[in-house]
Structures are given as C-alpha cells and as structure tokens.
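Q: here are the coordinates; sequence isn't available:
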C-alpha cells in the first residue's frame with residue numbers, strides 16, 4: 001500500500017528492509033511482548049495448551065519409549081548446542097546480558113547470560129519467592145578456553161553494582177568458611193561472589209590435601225544454598241559475638257574457569273551427593289569469538305540502572321524479633337503464575353520426575369540432576385519475570401524451562417564425558433574429548449599422529465588400548481587413510 005504514496009522511494013525502502021536484523025541489539029516479537037507486559041498489558045486468558053514441544057530445538061514428548069538402559073526419557077531429546085533463541089532472555093537477565101554483549105571486545109553471549117542470571121538473582125534477593133518458598137540464589141559456572149573473553153562479564157557486573165550503589169554485595173574469593181560467614185553477616189545474608197579460576201579453587205577445596213577450613217567452606221556453600229528460604233544457624237561458639245545466624249541467606253556465585261581445570265577437580269561423588277547438580281554450567285565452545293569495539297563498562301545504561309532502582313534491591317523487610325533475631329527479617333513477595341505458565345511447569349515436573357525414576361532404576365548417578373531441574377526452572381522464571389507486572393507468564397516460563405532442561409543435559413554430558421575416579425577412566429575421557437572437539441572444530445577426523453602428540457604424557461600402549469576400547473564400544477570409528485603410500489588411521493566420533 002505504501003507504493004501508492006507520492007513520496008515512495010524504492011531504493012530507500014529496500015535499504016531500510018535490508019538493514020533489519022543487523023543491529024547488535026535486535027528486537028524480537030518476544031521482546032515487544034515482554035515490554036508490553038512490563039507496562040501493564042495483560043495476556044489473554046485463553047493461553048495455549050503446553051504439549052512439551054517448547055520449540056523445534058527440543059521436540060520433547062512425555063512418556064516416549066526411549067531405551068532406558070542408555071538414557072533417561074528426556075536426555076536424548078535435547079540438542080547439545082546452546083539454543084541461540086534462549087540467549088535472548090526475558091526480563092532483567094536479558095537487559096543485563098545485552099549490555100554485557102554490547103560492551104565486550106570478544107562476544108561471549110553464553111557467559112554473559114550466566115553472569116546476568118547471577119546478578120539478577122542477587123538484585124531480586126529478599127524481594128521475591130514462589131509459593132514453595134524458593135529463592136533467587138544460583139551457583140553458575142562459566143566455562144571457556146583461555147583468551148576467549150571470560151573476564152568481561154565479571155567486570156561488567158562489578159561496574160553495574162558499583163554504579164547502582166550495591167558494591168557492598170559483591171565479594172571475591174574466600175579463604176575459609178568463617179570469611180564467608182563474616183561477609184554475609186555484614187550484608188543481611190545477601191551476596192554475589194565473583195570468582196575467577198574457580199576450577200583451581202574447587203580443586204584446592206575438594207582435593208586430598210585440603211585443610212579442614214577449606215573443606216568446611218565447600219560444605220558451607222552447599223548448606224547456605226539449601227537454607228535460602230529459612231535461617232542458617234550453623235556453628236555455635238562459647239562467645240556470642242562469634243556465632244553467626246543468617247536469616248534467609250541468598251548467596252549467588254558466578255565463577256569462571258577453563259573446562260579442563262573444573263572437570264579435573266570433580267569426582268563421581270560430586271554428582272551423587274548433589275554438589276554438581278546445584279551448579280548451572282554455561283559452557284562456551286567458541287574459542288575465537290568475533291571481536292568488536294569495546295563499549296563503556298564504567299557507565300551502564302541509565303535505563304538499566306533505573307529498572308534496578310525500580311526493583312528496589314534488598315529493601316523488603318519486617319522488623320526484627322526482639323530476643324530472637326536482631327537483624328531485619330526479609331519479607332519477599334510471592335510471585336504467582338498464569339494458568340498457562342503453571343501448566344508448562346507441571347509438564348516439566350512430570351517429565352523430570354520420570355527421568356529421575358528411570359535413572360534410579362538403571363542404577364545411574366544422575367538422579368540428582370533431574371531432581372534439581374524443576375527448581376532451577378522456577379528460579380530462572382522468578383528472575384526473568386516481568387517485574388513491573390509481577391506475574392510469571394508463558395513466555396517467561398517457557399524460556400526458563402528450556403534453559404533448565406538444556407543445562408541439565410550439559411551437566412549430564414559433563415559427568416559422563418569428564419568426571420571419573422581412576423586414572424585410566426580420566427585418560428579415556430580425555431582422549432575421547434580430544435577426538436570429539438577436533439571433529440567438531442575441523443569437521444574432519446583427527447590423525448593418529450596429531451592425537452598422539454596431544455596426549456604424549458599418556459603411555460603409547462595405554463593410548464592404543466583406550467582407542468581400541470572406544471572403537472569396540474562404538475564411541476569412535478577408526479578410518480583408514482593413505483599417508484605417503486602407507487596406511488594410517490584417523491579417528492572420528494561414531
């Protein structure tokens with residue numbers, strides 16, 4: 001119809017159409033609906049029935065007849081790559097992640113989203129909860145190779161909290177459990193720990209030579225994570241001043257490291273006792289991310305800061321109870337779901353429970369992953385909900401469920417491919433992962449010479465035995481190649 005206008009410009013119109021979608025901060029239909037809801041728009045009551053086909057990337061069906069001897073019901077239905085549409089997060093995590101991406105020299109949107117979720121969890125601490133008293137505390141791990149841009153997201157979060165006068169809630173590393181308790185005691189139990197090289201830290205805390213104060217720190221992190229909706233009443237000392245009681249502690253942890261360092265610090269016990277299940281692993285496979293001109297980290301967008309001020313972080317308290325609790329008592333608002341969002345969560349709950357039961361029946365050690373997936377989804381929905389509207393709707397819940405399911409898969413793959421107790425199993429996982437990464441990055445099999453050079457600290461005899469074992473178990477394939485008139489082998493994932 002615009003062609004009928006007297007000032008219609010064919011070239012100008014074509015140029016405008018060609019420009020769409022090329023901005024660094026693209027706006028999708030989901031973004032428009034999110035802002036509309038944030039300013040009072042109410043979605044129609046007739047919400048679609050959720051059939052657990054969240055997007056074409058998942059295509060998950062409840063009650064399907066998968067081979068439970070090899071996998072649990074949901075496991076094979078999830079793609080291994082981080083779905084790109086999930087990087088466009090709704091709510092406050094999306095706003096923070098967009099700013100991080102716009103200011104980075106090397107764009108790492110997966111790591112930006114992980115850091116943004118932790119930041120939003122801290123901002124919403126003591127402000128929101130759900131009807132089962134879950135809080136917005138996260139343990140997030142950002143994995144990427146050296147030089148790939150891991151540090152930028154942490155720098156941005158520090159700058160954002162300083163700009164919003166919340167810097168007292170950001171912490172670094174802790175030397176002991178007492179150090180962590182003292183830090184949280186000064187901030188009414190709320191804190192965001194931003195930790196570099198966390199793989200090295202966990203290895204020190206979890207290793208055979210770890211001191212008592214180091215192992216207690218790891219235990220304390222897990223205890224505080226579980227006590228977010230109640231009161232942490234830990235060790236009692238003869239001196240009252242040394243006894244720390246934290247009311248509804250909300251500790252968020254965002255740590256970065258290289259993948260090998262983190263997985264080397266884990267044992268199979270960590271997957272069984274639930275330590276690994278508490279972590280959300282945001283793993284970037286991009287070893288050479290695109291570069292761009294760095295933006296201003298020191299001055300976050302005023303619109304973002306204004307939205308954080310609207311949320312009023314850490315300002316929802318009841319008066320203390322004399323003789324019982326001396327600090328103010330958090331009084332968070334219960335965030336409700338629309339009918340459609342509740343239906344999505346119910347379907348997720350059923351699916352994860354089926355996977356948990358199937359895992360237990362087959363004697364696996366991944367049941368804790370599925371037991372935590374529903375909890376992660378609810379927490380993600382709480383930090384991403386339209387905070388000006390105050391209700392979790394289908395768009396937010398769908399995003400949260402998809403992210404939680406994908407991260408469950410990432411944890412399962414990490415356990416199966418990287419975590420072991422014996423040296424032989426560690427070497428087997430290492431060789432398999434080298435073959436896999438080489439195949440994925442170069443799209444060709446890896447030659448025997450290159451593989452041997454990559455694992456030269458493994459004895460040749462053991463290396464050959466592992467390759468034979470992987471081939472016989474149909475995890476890899478040995479491909480014959482002609483090299484200067486001689487037969488040589490190369491390896492690819494089956």
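A: Received the coordinates, thanks. Owing to the predicted nature of the structure, the values given are computational and were not obtained by experimental measurement. Numbers count the residues shown, from 1 in each chain.
Q: Show me the helices in the stretch 51-200 of the chain, by range?
A: Residue ranges of the helices in the stretch 51-200 of the chain, as given by DSSP state H, counting those that start in this stretch, are 91-103, 109-123, 151-163, 177-185, 198-206.
Q: mean confidence for stretch 167-177?
A: Within the predicted structure, the mean pLDDT of stretch 167-177 is 85.
Q: which parts of it are buried?
A: 169, 170, 171, 174, 177 (16 or more other C-beta atoms under 10 Å). For glycine as for every other residue, the C-beta is placed from the backbone atoms N, C-alpha and C.
Q: how about the helices in the stretch 351-494 of the chain?
A: So, for the stretch 351-494 of the chain - with DSSP H, counting those that start in this stretch - the helices run 367-384, 394-418, 423-442, 448-454, 460-472.
Q: Give me the helices and strands touching the shortest one, please.
A: For helix 448-454, the contact count by 3 or more C-beta pairs under 8 Å, 6 or more residues apart in numbering; DSSP states H and E identifies helix 423-442, helix 460-472, strand 486-493 as packing neighbours.
Q: List the buried residues in the shortest one.
A: Read it as strand 486-493. So strand 486-493, judged by 16+ other C-beta under 10 Å, has buried residues 489, 490, 491, 492.
Q: Next one: the last one from residue 89, what distance?
A: Same thing as residue 492. In this view, residue 492 and residue 89 are 35 Å apart by C-beta to C-beta, to the nearest Å.
Q: again with residue 97
A: 6 Å.
Q: Identify the contacts common to those two.
A: 113, 116 (C-beta atoms under 8 Å, 6 or more residues apart in numbering).
Q: Residue 345: which element?
A: Following DSSP states H and E, one finds residue 345 within helix 339-361.
Q: What average pLDDT does that helix get?
A: In this model, helix 339-361 has an average pLDDT of 89.
Q: just how off-centre is it within its chain?
A: Taking the mean of its C-alpha atoms, helix 339-361 sits 20 Å from the chain's own mean (C-alpha atoms, centre = their mean, to the nearest Å).
Q: Name the residues of it that are buried.
A: Buried residues in helix 339-361, counting neighbours by 16+ other C-beta under 10 Å, are found at 340-345, 347-348, 351-352, 354-356, 358-359.
Q: that older thread, and of the buried residues of stretch 167-177, the nearest to residue 111?
A: Checking these against residue 111 with C-beta to C-beta, the nearest one is residue 170 at 17.3 Å.
Q: my guess is residue 466 contacts residue 429, does it?
A: No. The criterion here is C-beta atoms under 8 Å, and residue 466 misses it with residue 429 at 9.6 Å.
Q: more crowded one of these two?
A: When residue 466 and residue 429 are compared on other C-beta atoms under 10 Å, the one with more neighbours turns out to be residue 466, at 21 against 17.
Q: Look up how far residue 128 lies from that one.
A: Look at residue 466 and residue 128: by C-beta to C-beta, they are 49 Å apart.
Q: Same question for residue 384.
A: Separation of residue 384 from residue 128 (C-beta to C-beta): 11 Å.
Q: Looking only at neighbour counts, state which of those two leads.
A: The residue with the greater number of neighbours, taking residue 384 and residue 128 and applying other C-beta under 10 Å, is residue 384; the counts read 26 against 22.
Q: Spit out the contact partners of that one.
A: For residue 384, the contacting residues are 89, 90, 91, 92, 93, 94, 120, 396, 399, 400, taking C-beta under 8 Å, 6+ apart as the criterion.
Q: could you redo the last one with a cut-off of 6 Å?
A: 89, 90, 91, 93, 396 (C-beta atoms under 6 Å, 6 or more residues apart in numbering).
Q: Kindly report the same for residue 164.
A: Residues touching residue 164, when contacts are defined by C-beta under 6 Å, 6+ apart, comprise 305, 308.
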